[in-house]
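J.: With the input below, show me the fold.
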Amino acid sequence: MQVPQPGDDGGPDLVRVMLSSDCPVGTPQEPELRPVSLGATDMILVRLATGEVVAFAGRCPHQGTDLADASFFDGRLRCPYHLYLYDPHTGENIVPAHDARPENLWKLKPGYLPTYPVEERDGWIWVGPEPCPPPAAYDPGREQRPAGAVAPAATPDAAIETVAAVAGPVDHPTKTVRVRPGATFELRLPVDGRPGHVWRVDVAGGLLDIVEERFDPAEPPRQRVTLAAPRTGVATVRCAFARPWDAVPAETRTYVVHVEAAPVT
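T.: Numbers count the residues shown, from 1 in each chain. Below is the predicted model:
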């Protein structure tokens, strides 16, 4: 039951929305998302690994993607459609705003994710129905189309889904990668517009370490995966492009990595 109550110190009115026990901590990458509606406002609550509860809008500001299936990466909320990253505390866009060239940001239009005030007391979670101010780093002028610039063409979601359904699963031929022990190397995985699809990288054998995964809003966009090879051996890296609930990936790329010392001459 939602119960309104004035905020502390003359702040905004808060609404009691959920028992604290109904919002548990999930895993770092797959937290427990709890949708909540306050009147016409849809939002999502999540308890972070620190124990703090945050609340943010239920749809991505970029193209209105439902965030019920969002995940977290490096402490940031990751939209399941284009892998945009947002700070769950302030709503500031991290990717692509911090990666894209300033002259290209108007094409990407990440905006900012509205967040809402949250208090937790007496075993209940209280949320303010009015959004917090925009993050300090947000500058709407950076996302305005320059005079004379041509807007990028949009592809309807229905067309994307149809193409994916007709094409069927794609299993690319296995590629061989050779690196020296102690080196790092990068895989660049293409990202298309299929809703909800993300690359999931699995390293078999424990030989390689994943150092970083990040979305690169280049043209075409891609997922960049940096791996480290601390010692000699052979490992297999399997990359699957799929939605979290898909049993069969839409696309699979496999790499056999040979970590070899330089020959003695």
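J.: Surely residue 131 and residue 118 touch.
T.: No - judged on C-beta atoms under 8 Å, residue 131 makes no contact with residue 118 at a distance of 12.0 Å. Yep, even glycine has a C-beta here, placed from its N, CA and C like the rest.
J.: Can you check my assumption that residue 30 lies in a helix?
T.: No - secondary structure assignment (DSSP: H, G, I helix; E, B strand; the rest coil) places residue 30 in coil, not in a helix.
J.: what's the distance between it and residue 49?
T.: Note on residue 30: its distance to residue 49, by C-beta to C-beta, to the nearest Å, is 12 Å.
J.: before we move on, what about residue 116?
T.: Distance of residue 116 to residue 49, given as C-beta to C-beta: 20 Å.
J.: repeat for residue 130
T.: Separation of residue 130 from residue 49 (C-beta to C-beta) stands at 27 Å.
J.: Just the strands from the stretch 1-150 of the chain, written as ranges.
T.: Assigned by DSSP state E, counting those that start in this stretch, the stretch 1-150 of the chain shows strands spanning 3-5, 14-19, 33-38, 41-47, 53-57, 71-73, 76-78, 85-86, 93-95, 115-116, 118-121, 124-127.
J.: which stretch among those strands comes nearest residue 259?
T.: Among the strands of the stretch 1-150 of the chain, strand 71-73 comes nearest to residue 259, with 26.3 Å by C-beta to C-beta.
J.: pLDDT below threshold where in the protein?
T.: Counting by pLDDT under 70, the chain contains low-confidence ranges at 1-12, 28-29, 148-168, 193, 195-196, 219, 244-245, 263-265.
J.: 50 instead, please
T.: 1, 6-11, 153-167 (pLDDT under 50).
J.: which ones are touching the spatially most central residue of the chain?
T.: Residue closest to the mean C-alpha point of the chain, counted by C-alpha atoms, centre = their mean, is residue 78 at 1.7 Å. For residue 78, the contacting residues are 70, 71, 72, 84, 85, 198, by C-beta atoms under 8 Å, 6 or more residues apart in numbering.
J.: same question, residue 182
T.: 229, 230.
J.: Which residue ranges of the stretch 151-265 of the chain form strands?
T.: Under DSSP E, counting those that start in this stretch, the stretch 151-265 of the chain gives strands at 170-171, 175-179, 183-190, 198-204, 209-216, 222-229, 233-242, 251-259.
J.: about what we covered before: top of the contacts of residue 78 by neighbour count?
T.: Tallying neighbours with other C-beta atoms under 10 Å puts residue 84 at the head of the contacts of residue 78, with 28 neighbours.
J.: Might you report the residue contacts of that one?
T.: Per C-beta under 8 Å, 6+ apart, neighbours of residue 84: 60, 62, 78, 93, 95, 96, 110, 215.
J.: I'd like to know how many residues surround residue 129.
T.: 18.
J.: and the closest residue to it other than its chain neighbours, how far is that from residue 134?
T.: Leaving aside its sequence neighbours, residue 129 sits nearest to residue 38 (C-beta to C-beta, 6 or more residues apart in numbering; 4.4 Å). For residue 38, the distance to residue 134 equals 20 Å [C-beta to C-beta].
J.: And stretch 30-42, what's buried?
T.: Buried positions in stretch 30-42, judged by neighbour count with 16 or more other C-beta atoms under 10 Å: 31, 33, 34, 36, 38.
J.: Can you tell me which of those is closest to residue 186?
T.: Relative to residue 186, the closest of the buried residues of stretch 30-42 is residue 31; by C-beta to C-beta it sits at 27.7 Å.
J.: List the buried residues in stretch 48-65.
T.: 48, 53-63, 65.
J.: Thank you, goodbye.
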